[in-house]
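Engineer: Take a look and give me a structure for this.
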Amino acid sequence: MRGSGASLLSLTVIILLSLLQRPTFAAVKPGKKSYVVYLGAHSHGPEVTSADLSKVTDDHCQLLSTVVGSDKKARESMFYSYRRYINGFAAVLDPQEAEKISKNPSVFSVFENKGRQLHTTRSWNSLGLESESGEVSSLSAWNVGRYGEDTIIANLDTGVWPESKSFSDEGMGPIPSRWKGTCQNNTKDGVPCNKKLIGARYFINGYAAGVDSYDIPTNLSARDYDGHGTHTLSTAGGNFVSGASVFGFGKGTAKGGSPKARVAAYKVCWKAINDSLCSDADILAAFEAAIHDGVDVISASIGSPPSDYFSDGIAVGSFHAVKHGITVVTSAGNDGDVEGGVSNTAPWMITVGANTIDREFPVKIGLGNRKHLKGQSLYPKGLPAKKFYPLINGTSAKLANSTDEDAQLCFAGSLDPEKVKGKILACLRGITGRVEKGVVALQSGAVGMILANAESNGNEIVADPHVLPSAHITYNDGLVLFSYINSTKSPGVIMTRAITQYGVNPVPVMAAFSSKGPNVVTPEILK
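Structural biologist: Coordinates of the predicted model:
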């Protein structure tokens, strides 16, 4: 019994220590929300002393105390004081307090600390920066711009996976002396930096102010557990990586737009809660840090529905960055054909949409009625050549207790393996992930899958790394496919292995998912 008590005591001590080591954040009480109070620009010059910075925070607290009642309450409520370039602070307030402080003559705007969403080798060849053989002309923008040599690119996103070869510092010289940033590598999940990846920081106070305490991550670091930030940062400034491919498709040398640039990751996006990952307050803190660190370019593939510029953290942060000579590049968004859905419409930032390139990974499909369709896939193997397989759609393969809609979409648990076994399964795109539908098909006994677009997806198709022989086809081809299946008692199909095909035309074409204009905030500015 004594030993058991000692073990219990030890366990209690360990738990208490772990709780003590957990960071604390501004708590959001019922009826309160987190807000950003924007005051414009600072009056102090570029040479700022620690005393100047302390005075800024004191001034922010003094202003906030006029609505919360005391300096102590102001300091407890405030979780960011933007002191160097952006003049403002972020704090937990109730709506009445936010309304009251917004009427102060020194306040430019007050806006809720909203959450924003993420916007998710051959590209440079397609843009004419290199030839088909990989040669770079002396007139190429790459040569003229020296491959972005020693340009410092900041990326506001989900962080970075430093072990990626895109962030190798092979061939890189000393870090530019103007760099003043840091590398937060103080935890077991930290990010080690080098002469390529020269900075890594994380910002979470704004996110923490909007979620329950149990939703706050314990592994606080700039490391990327999502993949989006690593993808976007390597696209902007990744080093040369030879032999890159996806399961052998599209093999070549992967590289970013500025492969000789230095890169720095500013993690502002965390686990999605209520479809929000990246808070305005954290985004502003990251802009403030990046300006001070000495970056040349800030990239942010983050956005939300368009809003007034001075109630938009990205618009405010980018305004101050551009004011200090930094180019800010943002994404247009992934809202497809929604009219006026384009994000990041402020005139001082560059807003980039998505388009196609001249490369495909086609799969040829031959139906039993001699009609031919073309899909795309990145599955590395194929079915036996010229062998016909029985074809079935999800509705015909449903379990007795499933709905037609669930089975047509190939939801998990909706299909009868006895009906699917040994066949190629036709699924409708929607709700669940494209690759996930292939997993369901494989688990149900299918030898292959044809994924057809719903009408809302139109003719935009995606080459995915599926788990079984698959082909993604357009909405129009899907109509042909399902019409054939319904026209015969024994539908059959031949499906070839995917290949890599270059020189596809017409290009470029705007991607179907890329957000469209017009600019609803400032219609005079084309976006």
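Engineer: burial measure for the closest residue to His292 other than its chain neighbours, as a count.
Structural biologist: Spatial nearest neighbour of His292, excluding adjacent residues (C-beta to C-beta, 6 or more residues apart in numbering): Arg84 at 5.4 Å. The C-beta positions use only the backbone N, C-alpha and C, and glycine is treated the same way. Neighbourhood size, Arg84 [other C-beta atoms under 10 Å]: 17.
Engineer: Can you list phi and psi of Arg84 for me?
Structural biologist: Per-residue torsions, Arg84: phi -100, psi -50 (degrees, to the nearest 10).
Engineer: for it, what are its contacts?
Structural biologist: Taking C-beta atoms under 8 Å, 6 or more residues apart in numbering as the criterion, Arg84 is in contact with 42, 48, 53, 288, 291-292.
Engineer: same question, Glu460
Structural biologist: So Glu460 contacts 453, 474, 511-513 (C-beta under 8 Å, 6+ apart).
Engineer: between the residues you listed, which has the most around it?
Structural biologist: Going by other C-beta under 10 Å, Asn453 tops the contacts of Glu460 with 23 neighbours.
Engineer: Next one: the residue nearest to that residue when sequence neighbours are not counted, what pLDDT does it get?
Structural biologist: Leaving aside its sequence neighbours, Asn453 sits nearest to Tyr475 (C-beta to C-beta, 6+ apart; 4.2 Å). Note for Tyr475: predicted pLDDT of 95.
Engineer: Isn't Tyr475 up against Ile461?
Structural biologist: No: taking contacts as C-beta atoms under 8 Å, Tyr475 lies outside contact range of Ile461: 9.4 Å.
Engineer: Which residues are in contact with each of the two?
Structural biologist: With C-beta under 8 Å, 6+ apart, Tyr475 and Ile461 have common neighbours Asn453.
Engineer: The two: which has the busier surroundings?
Structural biologist: Higher neighbour count among Tyr475 and Ile461: Ile461, with 24 against 18, using other C-beta under 10 Å.
Engineer: unless I'm mixing things up, the more buried one is touching Gly375, no?
Structural biologist: Yes: here Ile461 reaches Gly375: they are 6.7 Å apart, a contact under C-beta under 8 Å.
Engineer: what's the overlap in contacts for those two?
Structural biologist: In contact with both Ile461 and Gly375: 472-473, using C-beta under 8 Å, 6+ apart.
Engineer: Trp161 contacts Ala222, correct?
Structural biologist: No: counting by C-beta under 8 Å, Trp161 does not reach Ala222; the two are 10.1 Å apart.
Engineer: Pick out whichever of these two has more residues nearby.
Structural biologist: Between Trp161 and Ala222, counted using other C-beta under 10 Å, the more crowded position is Ala222 (27 against 20).
Engineer: Show the contacting residues for the more buried one.
Structural biologist: 159-160, 184, 190-191, 200-202, 265-267.
Engineer: so how far is Gly229 from Phe319?
Structural biologist: 23 Å (C-beta to C-beta, to the nearest Å).
Engineer: now swap in Ser279 and tell me
Structural biologist: Counting by C-beta to C-beta, the gap from Ser279 to Gly229 is 15 Å.
Engineer: Looking at the two, which has the bigger crowd around it?
Structural biologist: Ser279 (29 against 26).
Engineer: Without its sequence neighbours, what residue ends up closest to that one?
Structural biologist: Gly206 (3.4 Å).
Engineer: Let me know the secondary structure of that neighbour.
Structural biologist: helix (DSSP: H, G, I helix; E, B strand; the rest coil).
Engineer: residues near it, how many?
Structural biologist: Other residues near Gly206 number 29, with proximity taken as other C-beta under 10 Å.
Engineer: list the contacts for the residue most central in space within the chain?
Structural biologist: Nearest to the geometric centre of the chain sits Leu118, at 3.6 Å (C-alpha atoms, centre = their mean). Counting by C-beta under 8 Å, 6+ apart, Leu118 touches 157-158, 226, 228, 269, 277-278, 301-302.
Engineer: next one: Gly438
Structural biologist: Applying C-beta under 8 Å, 6+ apart, the residues contacting Gly438 are 449, 451, 464, 466-468, 470.
Engineer: cool, and Met449?
Structural biologist: Shown in contact with Met449 (C-beta under 8 Å, 6+ apart): 410, 424-427, 437-438, 441, 466, 468-471.
Engineer: same question, Val295
Structural biologist: For Val295, the contact set (C-beta under 8 Å, 6+ apart) comprises 152-154, 181, 264, 326.
Engineer: what about burial for these, which qualify?
Structural biologist: Among these, those buried by neighbour count (16 or more other C-beta atoms under 10 Å) are 152-154, 181, 264, 326.
Engineer: Over to the residue nearest to Ala385 when sequence neighbours are not counted: give its phi and psi.
Structural biologist: Nearest residue to Ala385 in three dimensions, chain neighbours excluded: Thr496, at 7.4 Å (C-beta to C-beta, 6+ apart). Main-chain dihedrals, Thr496, degrees, to the nearest 10: phi -80, psi 170.
Engineer: Surely Thr496 touches Leu373?
Structural biologist: No: between Thr496 and Leu373 there is no contact under C-beta under 8 Å: 11.2 Å.
Engineer: re earlier: which ones among the contacts of Met449 are found in strands?
Structural biologist: Using DSSP state E, the members of these that fall within strands are 424-427, 470-471.
Engineer: Adding neighbour count, pLDDT and distance to Ser177, write the residues you listed out as CSV.
Structural biologist: Shown next, in CSV, are those (neighbours: other C-beta atoms under 10 Å; pLDDT from 0 to 100; distance: C-beta to C-beta, whole Å):
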residue, neighbour count, pLDDT, distance to Ser177
Ile424, 27, 96, 61
Leu425, 29, 97, 60
Ala426, 29, 97, 61
Cys427, 28, 97, 56
Ser470, 31, 96, 52
Ala471, 30, 96, 53
